[in-house]
Structures are given as C-alpha cells and as structure tokens.
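1. predicted model, plus sequence, below.
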Amino acid sequence: MKKVTIQDVARELNLSRNTVAKALNNSDTVSYETRYVVIEKAYEMGYSKLSPVVLNEFKLRNRLNESKTIVVLTRREISVFWNSIIMGISDELNKNGCKLQFNFISEQDEKNLVLPLDLQAEVHGIIILSVFAADYVDLIMKQNIPVVFLDAPSDVESISHYGDIIICEGMNSIKKITQDLINRGMRRIGFIGDTTYCKTICDRYNGYLSAMEDAGIEPDERIIATYHTARKFYKMEEVEAAISAFPYMPEAIVCANDDIALFVIRCLNNRGLSVPDDVAVTGYDNVEGMSQVEPFLTTVRVGNQRLGRRLVQQLMWRIQNPTFPKEIVFIGVEVILRQSSNRSIKDAGI
C-alpha cells in the first residue's frame, strides 16, 4: 500500500501543502475548523505521522474513544480535606464517562524525577493537586498532555504557561476575617503560614496585611511566622516553635488554614490559655470534623466537592480547546465567623 503523504491529503481537500502541514502540526495560524477537517481527512486516509496531541483532539471530538483516562497526581498528604476534593473529581469524571487513575508522588520520586508508570499509557488529561518542584513539573509537561493545576507556586508565572490553574480566593476572605478581629478591638494580631509554599498562602497573608494597613495598624513582624518550614507548619512541633519565638502572646492569630489553627489551639491550651478568651484564632478551609473542636473555628468554606468537580470541568474544556490561552480561575468562597474569634478587648478586661 502506498504511503500517504501531506501532498495526498492536500490534494484530497484542495488545500495547499503548506496549509495542511500547519494543520497537522496544530498551528494556531490555521483556523480550528480547517485543522479539524485536515485531521479528519488525514486520519481517514491512514496518514501515519499524526502526533498524539492532534490525534487525541480528533478522537475526542468524534468520541472514537469510549472513555478518557484522567490521571490525578498528589503528594501523600491526604486528609478529610483532600478526600472530599477527590470525591468531587471522581463524581464529575464518572459523569463524563472518564476513568480515574490516582497516583501518590513520594518525596523521593519527586526529587529523583520519577514519573508514575500510568503516564506511559494513553492518558487524556492530568489534574495536579499538589505544588511540586519546578523540575518535576517540567518533566510532567514533557508528556504533552493537557494539565489543570489546583493552586500554584508563589511565583505563579513559573507554571501559568503550562496549563490552567484553579485557585480558591483567599485575599478578600482573610481580609474580612482580620477586619472582624480589628473591629472587636484587637490590634496585636499575628499570622502563621508558609508563604514560600504556594500562591493561596501568599494571598491569605496579603489579605491579613491589607486589613491591617486599612486600619492603620503596623503589623508586628515578631508575631508573624511566614518563613519556610520542612512541613509548612503542618506539624505540631513547627507551630509550637513559631509560637515559642513570639516575644509576647498576640491577641489573635490568623492561620493560613484549619490544620495550622488546630495546632495553634492545642499549643495555647498546653500553655493554659483558652480560645477565644485569651487568644482569638482563625483558619481557612472549613475542614469537616473541625466543628467538633471547641470552640468552633472561624474559617472559610471552600466547598471541596464542588472544587473537585470544577477541576474536571476545566480539564474537559481544555482537552476540547487545546489552543485557547491558558487560564487562571478564581473560585468563590464563604467566610464563616464562629466562636474562636468571638472575643473583644472589653470581654478580656483590657
């Protein structure tokens, strides 16, 4: 059988060889509809050099694949918070007739640049739930598979050209929480969260700073812990060390998430201090089960299952629209003011 060439495809479609060549290379200089017609004809004629990216686009549009395979990559930091996101991902993938392959990435694999074996099979999309090192992300992107990230490094631009990024709003919500503390008469307000880790923590810290600035309060750096730690303050010992380094006890501590807030409450209780009577404490995430902690924690509700579904929806859109500009999507959240911040200076006798 004669080998099908670009010229053969061009002749069949009455197009120039140059146009067909650009279409087969998925060039933006050729309209999407023209690319589709060229890809369809080349596939029908048995053209053998269609790239996986182009072929996948054609297959998806025509539903030649009975199901798509989506890989989720994350570190081994699964908790109730992450479980509910994964449930949302699973539900939405099932709705779209997709198969889910879930992969934990160990610290060693990330350091040694070892990808999961699943990526060597036919994969249609990747959802990345953790903020991985730049060289590991580079390795993933070399697979030429559409990617959607949940969150981003502090330097968002380092990955914004790779794929779409879904980010939970953090600045305005934490600003609102900090303003509520200020309105209750508190001025000595601390913050704990590793801002070197990811954009969402940076956004929450900036919300805290913005509220303090609007109120004309100079933040005291001595009661602010935003430096890098090995476990990003997801460890009791790291939170204990941060609080021990404070020269005095703040009137309130704004925490980057609920896990840190829970550690802070435990550290304060170990010191014989109660929340909110002695120190107000706030979090972020509205982690399920945290409401069992006394006092109820002031926090921010993300809607994790909804977030998981939104990640899949963005990935499905990206698979079908591979040439559109990459997007950064902010997800709305809800501030929940509870007992842990319900403290006033008058109540404290100050």
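-> The structure has been received and is ready for your questions.
2. how deep is Lys199 tucked in, by neighbour count?
-> The burial count assigned to Lys199 is 21, neighbours taken as other C-beta atoms under 10 Å. Using the backbone N, CA and C atoms, a C-beta is placed for each residue, glycine as well.
3. what's near enough to touch it?
-> Applying C-beta atoms under 8 Å, 6 or more residues apart in numbering to Lys199 gives the contacts 151-154, 156, 167.
4. quick one, domains of this protein?
-> 6-62, 69-164+305-329, 171-302+335-341 (automatic domain parsing).
5. does the closest residue in space to Ile328 that isn't next to it in sequence count as helix, strand or coil?
-> Nearest residue to Ile328, sequence neighbours excluded (C-beta to C-beta, 6 or more residues apart in numbering): Ile165, at 4.7 Å. Three-state assignment for Ile165 (DSSP: H, G, I helix; E, B strand; the rest coil): strand.
6. Gly207 now?
-> Gly207 - assigned by three-state DSSP - is helix.
7. need the winner for burial among the domains of the chain.
-> Of the domains of the chain, the one with the most neighbours on average (mean count of other C-beta atoms under 10 Å) is domain 171-302+335-341, at a mean of 20.
8. and that one, end to end?
-> Its start and end residues considered, domain 171-302+335-341 measures 18 Å (C-alpha to C-alpha, to the nearest Å).
9. gap between it and the chain center?
-> Centroid displacement of domain 171-302+335-341 relative to its chain, using C-alpha atoms, centre = their mean, to the nearest Å, is 21 Å.
10. make 42 the starting number, not 1.
-> With the count now opening at 42, the last piece we talked about shows up as domain 212-343+376-382.
11. quick one: mean pLDDT over it.
-> Taken as a whole, domain 212-343+376-382 has an average pLDDT of 94.
12. elements contacting the helix or strand where Val376 lies?
-> Taking DSSP states H and E as the definition, one finds Val376 inside strand 375-377. Identification of packing neighbours for strand 375-377 by 3 or more C-beta pairs under 8 Å, 6 or more residues apart in numbering; DSSP states H and E yields helix 212-224, strand 340-342.
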